[in-house]
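A.B. asks: structural data only, the sequence is not supplied:
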Ligand code: KG4
Ligand code: ZN
């Protein structure tokens with residue numbers, strides 16, 4: 001079964017063809033990083049205009065790289081939220097037009113479900129249940145995943161997303177946009193224990209996150225540092241980057257371990273753009289060894305936004321007989337709790353038969 005997946009939720013125009021919800025035949029991503037770079041963040045109006053320019057060629061390229069035509073497709077999956085309204089509208093209305101023109105089933109997908117299921121594009125994927133931590137520029141959440149469509153949110157950020165804090169701190173440090181990669185590179189030369197930036201744990205039971213405090217703390221520190229105040233003399237820019245990165249990684253890893261303790265689930269999927277971070281992976285790996293956990297990372301191209309993960313989610317929802325009502329609109333906010341659970345339908349059984357997965 002061939003599904004075209006389309007995602008235009010933020011600043012990447014992406015489309016992919018995925019076979020049977022697990023084999024990517026193509027994945028095309030047109031990144032707008034250069035366009036937004038001078039502004040130090042995504043400018044929604046510019047993003048929408050750029051999606052409009054790129055959506056047709058990106059979808060066509062995804063078909064040609066997979067050597068398929070619209071006639072070969074079995075359905076279209078498109079992100080309806082959460083994300084930037086103007087950006088989402090471009091993908092959704094183009095997908096609606098394609099579905100009507102080519103008489104194809106269409107499903108609207110929650111972007112967060114896409115990130116959770118992105119691991120099924122890899123050869124190495126976990127059995128259910130697993131813990132998924134999705135860490136990106138727009139979201140930071142921990143889920144208990146008990147099956148396709150069966151997600152319980154255990155924690156989420158109360159303010160900035162982890163990636164957003166990397167981007168904002170990179171701006172404060174003058175490292176440019178997007179901030180995650182720039183901070184990781186700078187941090188490589190620095191001492192991670194040089195400055196003790198705050199870790200917001202929000203109480204012993206909480207699995208929620210808050211990253212706005214650490215960002216403010218870095219901003220105040222940098223002000224002192226630039227003015228040569230207090231004992232900041234020998235501190236380098238790299239030390240600040242490394243200490244900030246450590247504070248964020250520390251909270252992410254500790255909260256995830258708490259979710260493991262609470263559920264007894266030992267398989268962890270780490271997804272979203274920030275999952276590319278080397279220090280995060282190092283910390284997770286050492287905890288995995290100590291606590292007998294099994295870690296799963298989507299490859300970098302499926303960690304960041306992509307249409308392939310949307311096609312995976314679409315495959316299961318189309319097999320579950322879901323269809324989008326063409327009057328449905330985008331949803332800038334779309335909590336995962338609002339998703340309809342998938343019945344234990346053919347998609348799961350088929351996959352179980354093929355892979356021996358529970
Ligand atoms: O998943 P993604 O591509 O888009 C969203 O849905 O937001 O994630 C982008 C975010 C950005 O905030 C970027 O700074 C962050 O992921 N990021 C990283 C790294 N690579 C990307 N953060 C930390 N370390 C990295 N190596
Ligand atoms: Zn995303």
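C.D. replies: Done, it's in. Everything numeric in this text was worked out from a predicted model, so none of it was measured. Numbering: from 1, shown residues only. Ligands and ions are numbered 1, 2, ... in the order given.
A.B. asks: pretty sure residue 156 sits in a helix.
C.D. replies: No. Remark: residue 156 does not belong to a helix; assigned using DSSP: H, G, I helix; E, B strand; the rest coil, it is strand.
A.B. asks: wait, what's in contact with it?
C.D. replies: If a contact means C-beta atoms under 8 Å, 6 or more residues apart in numbering, then residue 156 has 139, 140, 141, 142, 208, 209 as its contacts. Glycine gets a C-beta too; all of them are placed from N, C-alpha and C.
A.B. asks: and the third one, which of the three is it?
C.D. replies: It stands for residue 141. The three-state label given to residue 141 by three-state DSSP is strand.
A.B. asks: what sits opposite it in the beta ladder?
C.D. replies: Going by DSSP bridges, residue 141 is paired in beta bridges with residue 134, residue 156.
A.B. asks: quick one: which of the contacts of residue 156 is most hemmed in?
C.D. replies: The residue in the contacts of residue 156 with the most neighbours, by other C-beta atoms under 10 Å, is residue 140 (30 neighbours).
A.B. asks: ok, that residue touching residue 153?
C.D. replies: No. Using C-beta atoms under 8 Å as the test, residue 140 is too far from residue 153 to be in contact (11.3 Å).
A.B. asks: follow-up on the earlier one: in JSON lines, list the contacts of residue 156 along with pLDDT and distance to residue 222.
C.D. replies: As requested, the contacts of residue 156 are exported to JSON lines (pLDDT from 0 to 100; distance: C-beta to C-beta, whole Å):
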{"residue": "139", "pLDDT": "90", "distance to residue 222": "26"}
{"residue": "140", "pLDDT": "97", "distance to residue 222": "23"}
{"residue": "141", "pLDDT": "97", "distance to residue 222": "29"}
{"residue": "142", "pLDDT": "98", "distance to residue 222": "30"}
{"residue": "208", "pLDDT": "98", "distance to residue 222": "27"}
{"residue": "209", "pLDDT": "98", "distance to residue 222": "22"}
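A.B. asks: most widely separated two among those?
C.D. replies: Among these, the pair separated by the greatest distance (C-beta to C-beta) is 139 and 208, at 12.6 Å.
A.B. asks: need the overlap of contacts for these two.
C.D. replies: Taking C-beta under 8 Å, 6+ apart as the contact rule, the neighbours common to residue 139 and residue 208 are 156, 157.
A.B. asks: show me which residues of the stretch 251-358 of the chain are close to ligand 1?
C.D. replies: Proximity of the stretch 251-358 of the chain to ligand 1, by C-beta under 6 Å from any ligand atom, involves residues 272, 273, 274, 276, 277, 304, 305.
A.B. asks: low-confidence stretches in this structure?
C.D. replies: Residue ranges of the chain with pLDDT under 70: 230, 344-358.
A.B. asks: what does it have sitting close to ligand 2?
C.D. replies: With C-beta under 5 Å from the ion as the criterion, the chain comes near ligand 2 at residues 136, 305.
A.B. asks: just how off-centre is the longest helix along the chain within its chain?
C.D. replies: Selection of the longest helix in the chain by residue count, based on DSSP state H, yields helix 237-263. Counting by C-alpha atoms, centre = their mean, to the nearest Å, helix 237-263 is centred 17 Å from the centre of its parent chain.
A.B. asks: much appreciated, bye for now.
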